[in-house]
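Student: A predicted structure for the sequence below; I have some questions about it.
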Amino acid sequence: MSEPTDMTAVAMAGGAPASDATAADDQPEKLESQTSQPDKSSLKESIISHNLERDHSDTRAKPFIWALALTAALGGLIFGYDIGGAGATFVMDGFKYHFGWACAPDDYGAYSTYLFLMVNWTSYFDHSYVVICFLQLQLTECVPKSQRQIDIETGLINGLFGTGAAFGALFAPLLFNNKGRKPTINFGAIAFTIGAALQAAAVSMPMLYIPRLLSGFGIGMLSMCSPVLLIYHFTSCRGVNGFLIFWYTLLRYIAECAPESHRGQLATLWQLAITSGIVLVSILNIWLADWQEGWRISYGGNIVFSLALVGLLTIMPESPHFLVSNERFDDAREALGKTRFEDQIDWELDELKLEAKNAREEGVANWGEVFDDTNKKMRTRVRTGVLLQSFQQLSGINAIMFYAPNILQDFFGSKGSIYGTLALNIINFFATFITIFSIERFGRVFLLFTGGLVMLVALIPTAVLASVDSEEGSVQAIGIGVTVFCALYVIGFAYSWGPVVWVVCAEMFPMRERGKATSLTTFSNWFWTCIVGAVFPIASTASLAGCFGFFAAVVFVATTFVYLFLPETANLTAPEIDEQYLTHKATVPRKKWN
């Protein structure tokens, strides 16, 4: 067999075949241009090869990892505390008296005493004192606000928080991508702290509205991650089934600083910290309800956690991923040294450099590509993600969790409703563990489908019970039934539609389109959070049973949708997920669950 000619070599190198040497001489510029182009497949192969060189059994980490864990826990506690704190204030007597939703029992006694003293003081004069006393009583008598006014103010307190979060989420990427993770977290935590302090000091309802916007803005900044909330981030570059969970900007920072072997643990800690924050403030609310000014602690008590977060960030390193992306390699090495041992740093730094190079070469998709269905079914994926996030909020979870004290108050009174809410929050905490142990084993679609069935089974009898005209003596029995079925609903949501929707929306998009696509899905979640939070108080006053019926109808549609149209993405690489969306067809019965 003869040796290959120079022309054969040129053709093998990617040049066009030539019939003679002259033709080859005419193409040096073209050949040089082709060989100078980055070989993306070669780069990805380099990343895969580099990943395989790592000793994945090496799970060592420095003790500083626990400082990162504490930082993650504080971020979760801040968010959870606000969720559990604000809703309970609506049934606290001190809050209702302060903002004119109800009149204190001793108000009328005080006016009667004032009237008696005035009559005695003016008895030596003519009978005009009767008119004077009557006018004074009318001017000072406590007149509580109407139910409609209360519903509007309740909706605004909740809705404005979501509105602020939406604006914070839009602003966060500007700071996040240009200045780094730490400044974003700091800015968000400080904004939240100022808002919480102003809420605790509020003397009128408008003074409560503006701080709710500000606190929401801070949470919105913390809730954005390029911008996504919860990411189980499978990449084709690594070609492995290990996952990184980045929950909120704070957790992305934690995940980027932590060793891979500890990232899942830290993300789980964040999840549990949120539910722990809810449970913590629910316990505090039992005692705060007996204090006239206790509602201020419900709104502002998490200042302690947010200030601690700001303090801890002063000793935290910047994200190595961000530093390498900005070619600050010495700073990245120093940051890695906080949690890695010396013999681990070189490999990790080289890996980050390869990933940063790949990200630059991939670039960012334009909006046309995001909505182009010929581009890996992107329009279908975006529509699916937006629907999943919309279903999540329209299923009623925020209405039930945030307004649980209001819902249960009619059955158990103010104090009893706070105890009932605590029970629901504790159940929510423990139901979180179901997801941790099942999401990779059973897959996304199975959890969403079964969770939807559980929620549907719970909502239908809740709607029926809420429609019953209760007689005296049967009110508490109906209330117990409502509480039990609400607890069943919370279990179904906590292990499925709560966390899994974020997982699906984070992993369903290719890397190039992910930023813009997830911004749309995340925005749809905040949008419906605002709408449900603002409308539910008025709607529930008109018909609580109708609200639960609406939620049940949404869950039925959502469960049917995931059964028919949602491809399974568990334990798949990015190319495999692409293939799933290109080939998936709705069938009854469903052929593939995992």
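Tutor: On my side now, so go ahead.
Student: which residues of this structure fall in strands?
Tutor: 230-232, 245-247 (DSSP state E).
Student: who are the neighbours in contact with residue 429?
Tutor: By Cβ atoms under 8 Å, 6 or more residues apart in numbering, residue 429 lies in contact with 272, 275-276, 278-279. (Glycine included, C-beta is placed from N, CA and C.)
Student: before we move on, what about residue 524?
Tutor: With Cβ under 8 Å, 6+ apart, residue 524 has these contacts: 385-386, 389-390.
Student: still on that earlier bit, quick check: of the contacts of residue 429, which lies closest to residue 436?
Tutor: Nearest to residue 436, judged by Cβ to Cβ, of the contacts of residue 429 is residue 272 at 8.7 Å.
Student: Quick one: neighbours of that closest one, just the number.
Tutor: Neighbour count of residue 272, defined by other Cβ atoms under 10 Å: 18.
Student: swap in residue 589?
Tutor: Count around residue 589 with other Cβ under 10 Å applied: 5.
Student: for the one 4 residues further on, same thing?
Tutor: Residues lying near residue 593 (other Cβ under 10 Å) number 13.
Student: do the same with residue 358
Tutor: 18.
Student: how close does it sit to residue 492?
Tutor: When distance is defined by Cβ to Cβ, to the nearest Å, residue 358 is 40 Å away from residue 492.
Student: what residue ranges in the stretch 151-300 of the chain score low on pLDDT?
Tutor: Along the stretch 151-300 of the chain, the model assigns pLDDT under 70 to residues 173, 176-177, 223-271.
Student: any low-confidence regions in the protein?
Tutor: Those would be 1-61, 65, 68-69, 72-73, 106-141, 173, 176-177, 223-271, 470-473, 594, if you go by pLDDT under 70 across the chain.
Student: Now do stretch 88-101: everything it contacts.
Tutor: 102-104, 142, 144-145, 150, 153-154, 204-205, 208, 281-282, 285, 288-289, 291-295, 298-299, 403, 405-406, 409, 414, 417-418, 421.
Student: Residue 446 and residue 590 touch, don't they?
Tutor: No. Applying Cβ atoms under 8 Å, one finds residue 446 not in contact with residue 590, separated by 9.6 Å.
Student: Neighbour count: those two, which is higher?
Tutor: residue 446 (21 against 15).
Student: now the residue nearest to residue 398 when sequence neighbours are not counted: how far from residue 311?
Tutor: For residue 398, ignoring the flanking residues on the chain, the nearest one in space by Cβ to Cβ, 6 or more residues apart in numbering is residue 532 at 5.5 Å. Distance, residue 532 to residue 311, using Cβ to Cβ: 35 Å.
Student: can you check residue 462 too?
Tutor: Residue 462 is 44 Å from residue 311, by Cβ to Cβ.
Student: Please apply the same query to residue 538.
Tutor: Residue 538 is 41 Å from residue 311, by Cβ to Cβ.
Student: Those two: who's more crowded?
Tutor: The neighbour comparison of residue 538 against residue 311 (other Cβ under 10 Å) goes to residue 538, with 15 against 11.
Student: longest helix of this structure?
Tutor: For the chain, the helix with the greatest residue count under DSSP state H is helix 404-442.
Student: roughly how far out does that one sit from the chain middle?
Tutor: How far helix 404-442 lies from its chain's middle: 18 Å, per Cα atoms, centre = their mean, to the nearest Å.
Student: cool, stretch 483-496 as well?
Tutor: Using Cα atoms, centre = their mean, the offset of stretch 483-496 from its chain centre is 18 Å.
Student: contact partners of that stretch?
Tutor: 395-397, 400-401, 404, 407-408, 411, 420, 423-424, 427-428, 431-432, 434-435, 438, 447-448, 450-455, 457-459, 461-462, 465.
Student: how about 6 Å then?
Tutor: Here stretch 483-496 makes contact (Cβ atoms under 6 Å, 6 or more residues apart in numbering) with 397, 400, 420, 424, 427-428, 431-432, 434-435, 447-448, 451, 454-455, 458, 461-462.
Student: Show me where the stretch 51-200 of the chain has its helices.
Tutor: Here the stretch 51-200 of the chain has its helices, by DSSP state H, counting those that start in this stretch, at 65-89, 93-98, 107-121, 129-140, 147-179, 181-200.
Student: Please apply the same query to the stretch 201-350 of the chain.
Tutor: Counting by DSSP H, counting those that start in this stretch, the segments of the stretch 201-350 of the chain that form helices are 206-222, 248-257, 260-288, 294-300, 303-313, 320-325, 329-336, 342-362.
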